[in-house]
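With the input below, show me the fold.
(chains A and B)
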Protein chains: 2
Amino acid sequence: MKKLEGGVTAPRGYRAAGCAAGIKKNGSMDMAMIASEVPCVLAGTFTMNVVKAAPVLWDRERVKEGSGRAVVVNAGVANACTGKEGMDYCAKTAEAASAALGISPQEVLLASTGVIGQQLPIDKILSGVRVLAGSLSDTIGAGNDAATAIMTTDTVAKETAVSLQFSDGSTAVIGGCTKGSGMIHPNMCTMLCFLTTDAAISKEMLQKALSAVVPDTFNMLTVDGDTSTNDTCLLMANGLAGNPPIEAESEDYRIFLKGLLEVCTTLAKRMAKDGEGATCLFECDVIHAASKEDAKRLARSVVSSTLTKAMIAGHDANFGRILCALGYSGVEFDPEEVSLRLESAKGSLLVYEKGVPLPFDEEYATAILSENEVRCIADMDCGSYDASAWGCDLTHAYVDINADYRS
Amino acid sequence: MKKLEGGVTAPRGYRAAGCAAGIKKNGSMDMAMIASEVPCVLAGTFTMNVVKAAPVLWDRERVKEGSGRAVVVNAGVANACTGKEGMDYCAKTAEAASAALGISPQEVLLASTGVIGQQLPIDKILSGVRVLAGSLSDTIGAGNDAATAIMTTDTVAKETAVSLQFSDGSTAVIGGCTKGSGMIHPNMCTMLCFLTTDAAISKEMLQKALSAVVPDTFNMLTVDGDTSTNDTCLLMANGLAGNPPIEAESEDYRIFLKGLLEVCTTLAKRMAKDGEGATCLFECDVIHAASKEDAKRLARSVVSSTLTKAMIAGHDANFGRILCALGYSGVEFDPEEVSLRLESAKGSLLVYEKGVPLPFDEEYATAILSENEVRCIADMDCGSYDASAWGCDLTHAYVDINADYRS
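Presented below is the predicted three-dimensional model:
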């Protein structure tokens, strides 16, 4: 596996574009399109929120039917809680893309992000679709434009790509871009994530790979504990790599899975680090838990805690809050067996060992917690299962961004 | 039922005191004692956090055995995650109170709140116990001292009392005080709450009443989603009211239950309003839900959402976030049936009706949300069950308080 430059346009046969359609008040790019030269096999995972945005309902049907060629995305308005009008606007947007690209409306996927409970400015969206269709390109820059156009409160575009070599020597690429900075506590999937690959793979194996990777990557990520109405993760595979098609849990499937895990882990960590107002990526590694499910719940509870997030913001080694968050995770364990370590590029410090707080150098602890990537390792000492979760610190800037998001 | 001045000293036969034992660095009161002239029947509910503070383990045993006479409380150090030493300090504190008050150590209850993972300054605690025992008084002022001494980041002392009239004309009083401002997301009970009554009631009925009231009051309260290691709610009944003892689910039991509900609801709302950094009490009333459990989960999800809390701080009617939080509560419902209303002393505004966002006057909405008590009413229109939950807004001050809590 090799890391590559770029994102969704890194695999063969994908073009992308971004444009400013006038939805965002500041005039920056707010619509994106990703399109494949040939029909793609589709896989997707979507929000588990009962309140689902109109484009989520639209995409679920498309993914079920199984084939697609283009994705149209807008930022600024979420098209959630918009009733029948919201669904009608999905159909209109797909028809516009169909006309502009010469494909079927059923091959168009949609995604929206932004304010919930407002209708889409449909005229701007329809003009945007035509502009995007006319400016599609297969360059790295075009992929970056798409990654940038889907941002809301994000401060950096998030994209990555890897190349894989299959057992017969053929190579394929997986690329992806994602957005998400607030209302991030994915359940089945992240805010918006678009993954492309030129690997030849069956629909069944594509969905199996995505469903295997999402629980350990995007679902282990939290910014603020709010599971969005719009969470969407789409994976398109156009087969242009020409590898022997993956149709079973073969060695090539495992090679593909490993690549997909790498791409999704990278994107999940970048989302956490770019959480609204965040200054720090906060990782919790739970080790030696009694089960995989326990390890995941414990790790997620720690990075979700408002108090641990505030403690990271203050570079304050108030580790009792980490123990408290482990304790209310819903997992049974013996507190007397737990040990806790704080780590970053600055060093590593054991602060709690087998139920007993240890004396430590406060200045050294502060130095460790002042880095922009901080890790706490909770050793449960009751099994052989590990898991990692990713979050960020809670700062004034988060409050500022969200106290007045609509204006 | 009549509201009374005061708190834990309002019922007959209770004395209280507060003192500065030198645990808090700023020299303010940090220890409290509440004592009954005669032995009391006890009831209690405690944190469901797997990591339980030493005094929680101590009190659970006392409540199981069933009789007590005094409570000793300290603020500043939580005596949680402190291993065997922490339990030894509980025994030492109880012995000191036993000697000073001439009662058995088994009749002494304990509670602590503050930093987790530090040992108690035991010498200060033991001197404090002696000072407190020497200054007990049955005045309203003494009850207020106790309510003040148990505060940590609280900004106001929280106490209340009601008098009841039983069916035979006899009267009893229920009083209480509570603290809690952060790490507040009670599960079975609130941070620290001490309730006293002079009613004559059996242990079984006393625990039944407390267990009935806590789920609808303290367990419907959240400040930051963090369930503490120290949550403790104790209810002492000394029988001095001389009413015919309550020993079954009689009319007098229902009168007592109603009084207890009033006291606990008042205290829960005061805790939410005094949440760390809060400027506003935020109540969510869910009406017409399919079950009581659904109504409670929906209401709690809304007041727990970081994004709704930030929206209240910004007086911004971004009601989509409320719908989003209803949607990820884990309750199944049809979003097309939901209506949403925002309310305060300034007025009432329907913003979403049966799945459709309504146009509204932004200035009027901002005025409604700028009051210091704000309510949202979610009408699920699928049943006959209601529930209320209480929280507060999320402000810069919360981040300030918790980024550097220990210094």
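
avg pLDDT for the longest helix anywhere in chain A?
As assigned by DSSP state H, the longest helix anywhere in chain A is helix A:251-273. Averaged across helix A:251-273, the pLDDT comes to 92.

Can you give the distance from the helix or strand just after that helix to the centre of its chain?
For helix A:251-273, the following helix or strand on the C-terminal side (DSSP states H and E) is strand A:281-289. Computed by C-alpha atoms, centre = their mean, to the nearest Å, the chain-centroid distance of strand A:281-289 equals 19 Å.

cool, and stretch A:80-99?
That offset, for stretch A:80-99, works out to 24 Å (C-alpha atoms, centre = their mean).

Do a quick rundown of the strands in the stretch 51-200 of chain A.
Listed in chain order, the strands of the stretch 51-200 of chain A (DSSP state E, counting those that start in this stretch) span A:67-77, A:108-115, A:158-165, A:171-179, A:192-197.

To chain B, which of those lies closest?
Proximity to chain B (C-beta to the nearest C-beta) singles out strand A:108-115 among those, at 6.3 Å. All C-beta spots, glycine's among them, are computed from the backbone N, C-alpha and C.

Enumerate the residues of the stretch 151-300 of chain A near chain B.
A:Gly182, A:Met183, A:His185, A:Asn187, A:Asp224, A:Gly225, A:Asp226, A:Thr227, A:Ser228, A:Thr229 (C-beta under 8 Å from any C-beta of the partner chain).

again, only this time at 7 Å
A:Met183, A:Asn187, A:Asp224, A:Gly225, A:Asp226, A:Thr227, A:Ser228, A:Thr229 (C-beta under 7 Å from any C-beta of the partner chain).

Let me see the residues that make contact with the longest helix of chain A.
If you take C-beta atoms under 7 Å, 6 or more residues apart in numbering or on different chains as the criterion, helix A:251-273 is touched by A:1, A:158, A:160, A:162, A:164, A:166-167, A:174, A:176, A:178, A:180, A:184, A:190, A:193, A:195, A:199, A:201, A:205, A:209, A:212-214, A:217-218, A:220-221, A:223, A:243, A:246, A:281, A:390-392.

what sits against A:Arg300?
Counting by C-beta under 7 Å, 6+ apart, A:Arg300 has contacts A:Met220, A:Thr222, A:Ala389.

buried residues in the longest strand seen in chain A?
Scanning chain A for the longest strand, with DSSP state E as the assignment, gives strand A:31-46. In terms of neighbour count (16 or more other C-beta atoms under 10 Å in any protein chain shown), strand A:31-46 has its buried residues at A:31-36, A:39-46.

Check A:Lys52 and give its pLDDT.
Value for A:Lys52, per-residue pLDDT: 88.

Then A:Thr308?
91.

and what of the one 5 residues further on?
Per-residue pLDDT puts A:Ala313 at 91.

does the residue in chain A sticking out farthest from the centre count as helix, strand or coil?
In chain A, the residue that sits farthest from the middle, by C-alpha atoms, centre = their mean, is A:Pro359; the gap is 38.6 Å. Using DSSP: H, G, I helix; E, B strand; the rest coil, the structure places A:Pro359 in coil.

And it, its phi and psi?
phi -70, psi 140 (degrees, to the nearest 10).

how near is it to B:Asp334?
With distances taken as C-beta to C-beta, to the nearest Å, A:Pro359 is found 57 Å from B:Asp334.

Count the neighbours of the residue in the stretch 101-250 of chain A that chain B sits nearest to for me.
Nearest residue of the stretch 101-250 of chain A to chain B (C-beta to the nearest C-beta) works out as A:Ile116 at 2.4 Å. Around A:Ile116 there are 28 other residues, counting by other C-beta atoms under 10 Å in any protein chain shown.

Next: the one 4 residues further on.
With neighbours defined by other C-beta under 10 Å, the count for A:Leu120 comes to 26.

Quick one, grab the pLDDT at it.
pLDDT for A:Leu120: 95.

residues in contact with the residue nearest to it when sequence neighbours are not counted?
Spatial nearest neighbour of A:Leu120, chain neighbours left out: A:Tyr89 (4.8 Å); criterion: C-beta to C-beta, 6 or more residues apart in numbering or on different chains. Contact partners of A:Tyr89, counting by C-beta under 7 Å, 6+ apart, are A:Asn79, A:Leu120, A:Ile122.

repeat that for 8 Å
Shown in contact with A:Tyr89 (C-beta atoms under 8 Å, 6 or more residues apart in numbering or on different chains): A:Ala54, A:Asn79, A:Thr82, A:Gln119, A:Leu120, A:Ile122, A:Ile125.

And A:Arg15, by the same measure?
By C-beta under 8 Å, 6+ apart, the neighbours of A:Arg15 are A:Thr9, A:Ile34, A:Ala35, A:Ser36, A:Glu37, A:Leu136, A:Ser137, A:Asp138, A:Ala142.

Let's see that with 6 Å instead.
Shown in contact with A:Arg15 (C-beta atoms under 6 Å, 6 or more residues apart in numbering or on different chains): A:Ala35, A:Leu136, A:Ser137, A:Asp138.

ok, of these, which one's closest to B:Met311?
A:Ala35 (36.7 Å; C-beta to C-beta).

That closest one reaches A:Ala70, doesn't it?
Yes. Here A:Ala35 reaches A:Ala70: they are 4.1 Å apart, a contact under C-beta atoms under 6 Å.

Would you tell me which of the strands of the stretch 51-200 of chain A gets closest to B:Arg321?
Nearest of the strands of the stretch 51-200 of chain A (C-beta to C-beta): strand A:108-115, 9.4 Å.

Backbone dihedrals for A:Glu362, please?
Per degrees, to the nearest 10, the backbone of A:Glu362 is at phi -60, psi -40.

State the distance from it to A:Asp316.
9 Å.

Could you tell me how many residues sit around A:Ile246?
Neighbours of A:Ile246 using other C-beta under 10 Å come to 26.

Same question for A:Pro335.
With other C-beta under 10 Å as criterion, A:Pro335 counts 20.

Kindly report the same for A:Gly169.
7.

Direction-wise, compare the lowest-mean-pLDDT helix or strand in chain A with helix B:396-403 and give the angle.
Counting by mean pLDDT, DSSP states H and E, chain A has its least confident helix or strand at helix A:396-403, which shows a mean of 83. Put simply, helix A:396-403 runs at 150 degrees to helix B:396-403, going by axes from the mean of the first three to the mean of the last three C-alpha atoms, to 10 degrees.
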